[in-house]
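**Student:** just to be clear, the model below is a prediction. Sequence and coordinates:
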Amino acid sequence: MAKKSKRYQEAKEKVDVSKDYSVSEAINILKSVPGASFDETVELAVLLGINPKNSDQQIRTSIGLPHGTGKTVRVAVFAEGDDAVAAEEAGADIVGSDDLVEKVSDGWLEFDVAIATPPMMRKIGALGRFLGPRGLMPNPKNGTLTADVGSAVKEFKAGKVEVRNDSGANVHLPVGKLSFPTDNLEENVRAVIQNLQGMRPPGIGHNFFKKVFVTTTMGPSVQLSV
C-alpha cells in the first residue's frame, strides 16, 4: 500500500469522519489544511436518493453561482446572423455556423460550454458523437439551447455551471477556489443545494440528499449536514 504524504495525514486528522459539519465549518477546515502550491478548486459532491435509470428522476440543469467558479470558461456558440453578433458582443470565445460545425467534426473541442440557437440543431445534430460523451451537446434543460444566446453567454461566463447526475446518482461540480472568502464559498454551496432541492423528483421524500461532501483538489472530503 502506498504511503500517504505528511500533508495528507495532517489534513485527515482535522476531519472527524463520524461528524456532519455545517457549510462554514467545513470550508474553514479546508482552509486550515496545509496548502498546495496552487489555488485549489473547491468541489461539491452530492449523492442523491434517485434512481438514475428512471427518466423522470434525472437531474440535468444549470446553476448560477453567486460568486462564480474562479475559472475562465471558454464558450463556443453555434449561431448565425444577428444571433451570432449578439454572442460575439456578449463575449463568446468562438462563434460560427457551418464553419464551426466542420471544425468540431474535425476533432476541435477546445471549449467548456457549447451554446446553440434552436435553428442550428439541424446542423449540429451530427456532432452528437463528439459533444454527447463530453456533456457538451446543447440542451434546453441546462440553458445551452436557447434563442437568447447573448444572455446565455454572459451567464456561463459569469459562473453558471452545468449540473447532471451520473449513473451512480452522484452530482459533482466546482463551487469556487480555495482563495475565495469563506462567505463567498458558503453562498455558492448553498446556491447549489437550494437549486437541487427545487429539482427533487415527485415521490422522493426526505432522503433526496443522501450524502453531501465538500472537498478540494488535494484536500480531504468533509461531510456536510444539509
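**Tutor:** Looks like it came in fine. Numbering: from 1, shown residues only.

**Student:** pull out the buried positions in the helix or strand Val77 falls within.
**Tutor:** Per DSSP states H and E: Val77 is located in strand 75-78. Applying a neighbour-count criterion of 16 or more other CB atoms under 10 Å, one finds Val75, Ala76, Val77, Phe78 buried in strand 75-78. For the C-beta atoms, the positions are set from N, CA and C on the backbone; glycine is no exception.

**Student:** again with stretch 50-58
**Tutor:** In stretch 50-58, counting by 16+ other CB under 10 Å, buried: Ile50, Gln57.

**Student:** output that stretch as PDB, nothing but the C-alphas.
**Tutor:** Taking C-alpha atoms only, stretch 50-58 is exported to PDB below (Å, rounded to 0.1, in the frame of the first residue of the first chain):
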ATOM      1  CA  ILE A  50     -32.800   8.900  -7.000                       C
ATOM      2  CA  ASN A  51     -32.800   6.000  -9.400                       C
ATOM      3  CA  PRO A  52     -30.800   7.200 -12.500                       C
ATOM      4  CA  LYS A  53     -32.400   4.500 -14.600                       C
ATOM      5  CA  ASN A  54     -35.800   6.300 -14.300                       C
ATOM      6  CA  SER A  55     -36.100   9.100 -16.900                       C
ATOM      7  CA  ASP A  56     -38.300  11.200 -14.500                       C
ATOM      8  CA  GLN A  57     -35.600  11.100 -11.900                       C
ATOM      9  CA  GLN A  58     -32.700  12.500 -14.000                       C
END
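
**Student:** residues in contact with the strand holding Val77?
**Tutor:** Here strand 75-78 makes contact (CB atoms under 8 Å, 6 or more residues apart in numbering) with 84, 87, 91-97, 100-101, 104, 111-117, 120, 123-124, 138, 149, 153, 156-157.
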